[in-house]
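> predicted coordinates and the sequence they were generated for:
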Amino acid sequence: MRHPDLAERLGVSTDEAASWRNAAAAMIVPYDERLGVHPQSEGFTNHAKWDFASTKPDHYPLLLNYPYFDLYRKQVVKQSDLVLAMHLCGEAFTPEQKRRNFEYYEALTVRDSSLSAQSQAVMAAEVGHLDLAHDYLGETALMDLHDLARNTKDGLHIASMAGAWSGLV
């Protein structure tokens, strides 16, 4: 254990720490050879794509207007966890994988979460979509100033603010 005194104070046993390492070692990021992208979850790329053309603007955010049962059976994501994974663990993906994954999920991500734009901004810049990166940076930086989610009255989006810094850096 890296910090045995802290682990002892928190009641973390050697066995518990070993179980965390075993869980981490067993994790995989699936890959779809046919499409050349990493599925957001096992089998994700086999689902039918969401019908964005028939989705009325007042039906967003989707999760407030459609049951999870329908959403999870389609290729649509509130925020792309795979894009976030590429942002946080970039060394695990090649530049080509990042580009292909980003472009694939860009078409499927509805960004119904204030946590989405900052990772999208960073990855868009990294794969060369600089205008899109700029748009996402504006979205994350202005989340509360322009009340983009129409919920600033409920509190500030601190993660979005921090994401603006990440996007700039």
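Arrived safely, thanks for sending.

> residues in contact with the helix or strand bottoming out on mean pLDDT in the chain?
When each helix and strand of the chain is scored by mean pLDDT, DSSP states H and E, helix 158-168 comes last, with a mean of 83. In this structure, residues lying in contact with helix 158-168 by C-beta atoms under 8 Å, 6 or more residues apart in numbering are 114-115, 117-119, 121-122, 125, 133, 136-137, 140-141, 143-144. Quick note: C-beta positions are derived from backbone N, CA and C, even for glycine.

> if we use 7 Å, what do you get?
Residues external to helix 158-168 that are found in contact with it (C-beta atoms under 7 Å, 6 or more residues apart in numbering): Ser114, Leu115, Ala117, Gln118, Ala121, Val122, Tyr136, Leu137, Thr140, Ala141, Met143.

> now the last one: how far from Ile158?
Here the criterion is C-beta to C-beta, to the nearest Å. By it, Met143 lies 10 Å from Ile158.

> still on that earlier bit, which of the contacts of helix 158-168 sits closest to Glu33?
Taking C-beta to C-beta as the measure, Glu33 lies nearest Val122 of the contacts of helix 158-168, at 26.9 Å.

> which strand or helix spans the closest one?
Counting by DSSP states H and E, the element that carries Val122 is helix 116-126.

> give the buried residues for whichever helix or strand comes after that helix.
On the C-terminal side of helix 116-126, the nearest following helix or strand under DSSP H and E is helix 130-141. Buried residues in helix 130-141, counting neighbours by 16 or more other C-beta atoms under 10 Å, are found at Leu132, Ala133, Tyr136, Leu137, Gly138, Glu139, Thr140, Ala141.
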